[in-house]
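Asker: my questions are about this predicted structure, shown below with the sequence.
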Amino acid sequence: MWSVKVLGMIQLEHIIARPARRLHRAPLLLIHGAWHGAWCWEQAMAGFAARGFETHAVSLRGHGASPRPSGYARSTIIQYASDVRAAVAAVGPRPVVVGHSLGGLLVQLLITGAVGPAPDIAGAVLLCSSPASLRTYFIRNPAAEPISLPDMIRLEPNAVRSALFRRDIPDAELARHVARMVVEPPLVTPSCMLLRPRPAACRTPLLVIGAERDWTYSPRVQQETAAAYGGDLVMVPGAAHNLMLDPAWPIAAEAIERFVTKVEAT
């Protein structure tokens, strides 16, 4: 089901996939990363519905089908975090929140109280996430090819391929994804550098999932993030950064289901 709802003080695209038979108490809330929108979770949501989850995905302001509010060009990580907080409140009670890349940083800011009181959620999954510490932010995967930051900011297809996908992704599939991406406002990246999570304050059960061939946030980055939170780590062999669009996604989906089952049993 596709809809645009008022979440908090802003309109956000909100997609819901309901299972034929619900098997898990906790709903899933999926948070996309930079340049993306709720559209990147379409295949994953269908799979989660088949596993018995009620699954929600939102597009941050100005992404996907979410409109650009007044002052959008001055948006920072703080505004994006407020979007996620509104989504958590709308989805409740006590969802498991899955954040990919920049979305993972947003989840960390919320659960560690860096942007106000931590919301009441059952658990958090950091998927190929931006790291907890700036110390590890620039650790690269040694197998990675150089990526031109200006080309990536402009969403040049070859740069997008190198940063986010497997090298052998078909050109037509890559073009379809790039056509739905949006350029981020200029203050988003510097605000990510300035506002950081506080892992020591986290009281939320947490799972970190990384991708072996992630050229953006390397396996070592994911190891360091899991260690910072004392969370479990799952590494998906052969997968690239956009894990929810990767052929190896079912491995990550199974790990998320195991995590939710564990959380629900406590």
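Answerer: Great, that's in hand.
Asker: from the centroid of this protein, which residue is nearest?
Answerer: H100 (1.9 Å; Cα atoms, centre = their mean).
Asker: where does that residue fall, phi/psi-wise?
Answerer: Main-chain dihedrals, H100, degrees, to the nearest 10: phi -100, psi 130.
Asker: I'd say it and S130 touch.
Answerer: No: using Cβ atoms under 8 Å, H100 makes no contact with S130, being 9.6 Å away. C-beta coordinates here come from the backbone N, C-alpha and C atoms, glycine included.
Asker: give me the below-cutoff pLDDT ranges for the stretch 1-150 of the chain.
Answerer: 1-9, 137-146 (pLDDT under 70).
Asker: where do the helices sit along it?
Answerer: Taking DSSP state H, counting those that start in this stretch, the helices of the stretch 1-150 of the chain run over residues 42-50, 77-91, 102-111, 149-153.
Asker: buried ones in the last one, by neighbour count?
Answerer: So the one you mean is helix 149-153. By neighbour count on 16 or more other Cβ atoms under 10 Å, the buried set for helix 149-153 is M152.
Asker: residues touching it, excluding its own?
Answerer: 158-160, 163, 183-184 (Cβ atoms under 8 Å, 6 or more residues apart in numbering).
Asker: tell me which of those is nearest to S218?
Answerer: Within the contacts of helix 149-153, the smallest distance to S218 is 12.2 Å, found for A163 (Cβ to Cβ).
Asker: wait, that closest one touches W215, no?
Answerer: Yes: counting by Cβ under 8 Å, W215 is a contact partner of A163 at 5.9 Å.
Asker: and G116, how many residues sit next to it?
Answerer: Look at G116: counted by other Cβ atoms under 10 Å, it has 12 neighbours.
Asker: quick one, what contacts it?
Answerer: G116 neighbours (Cβ under 8 Å, 6+ apart): R85.
Asker: who does it bridge with?
Answerer: Applying DSSP bridges to G116 gives these bridge partners: A114.
Asker: how far away is it from A65?
Answerer: According to Cβ to Cβ, to the nearest Å, G116 and A65 sit 27 Å apart.
Asker: before we move on, back to that, where do the contact lists of A163 and W215 overlap?
Answerer: 147, 241.
Asker: okay, strands next: where are they in the stretch 151-266 of the chain?
Answerer: For the stretch 151-266 of the chain, applying DSSP state E, counting those that start in this stretch gives strands covering 206-211, 232-236.
Asker: where is the longest helix in the chain?
Answerer: helix 249-265 (DSSP state H).
Asker: from the middle of its chain, how far away would it be?
Answerer: Here helix 249-265 is found 16 Å from its chain centre; the criterion is Cα atoms, centre = their mean, to the nearest Å.
Asker: pull out the buried positions in it.
Answerer: Applying a neighbour-count criterion of 16+ other Cβ under 10 Å, one finds 249, 251-253, 255-257, 259-260, 263 buried in helix 249-265.
Asker: what does that helix rub up against?
Answerer: 24-26, 28, 43-44, 47-48, 51, 53, 96, 98, 122-123, 125, 127, 205, 207, 209, 232, 234, 236-237, 239, 243-244.
Asker: okay, the angle between that helix and helix 42-50?
Answerer: Counting by axes from the mean of the first three to the mean of the last three Cα atoms, to 10 degrees, helix 249-265 lies at 40 degrees to helix 42-50.
Asker: may I have helix 249-265 as PDB, with CA atoms only?
Answerer: Taking Å, rounded to 0.1, in the frame of the first residue of the first chain, the C-alpha atoms of helix 249-265 are listed here in PDB:
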ATOM      1  CA  TRP A 249      19.900  -9.800   0.300                       C
ATOM      2  CA  PRO A 250      18.100 -13.000   1.600                       C
ATOM      3  CA  ILE A 251      21.100 -13.700   3.900                       C
ATOM      4  CA  ALA A 252      20.600 -10.300   5.500                       C
ATOM      5  CA  ALA A 253      16.800 -10.700   5.700                       C
ATOM      6  CA  GLU A 254      17.300 -14.100   7.500                       C
ATOM      7  CA  ALA A 255      19.700 -12.400  10.000                       C
ATOM      8  CA  ILE A 256      17.100  -9.700  10.600                       C
ATOM      9  CA  GLU A 257      14.400 -12.300  11.200                       C
ATOM     10  CA  ARG A 258      16.600 -14.200  13.700                       C
ATOM     11  CA  PHE A 259      17.300 -10.900  15.500                       C
ATOM     12  CA  VAL A 260      13.700 -10.000  15.800                       C
ATOM     13  CA  THR A 261      12.800 -13.400  17.000                       C
ATOM     14  CA  LYS A 262      15.500 -13.100  19.700                       C
ATOM     15  CA  VAL A 263      14.300  -9.600  20.700                       C
ATOM     16  CA  GLU A 264      10.700 -10.800  20.900                       C
ATOM     17  CA  ALA A 265      11.700 -13.700  23.200                       C
END
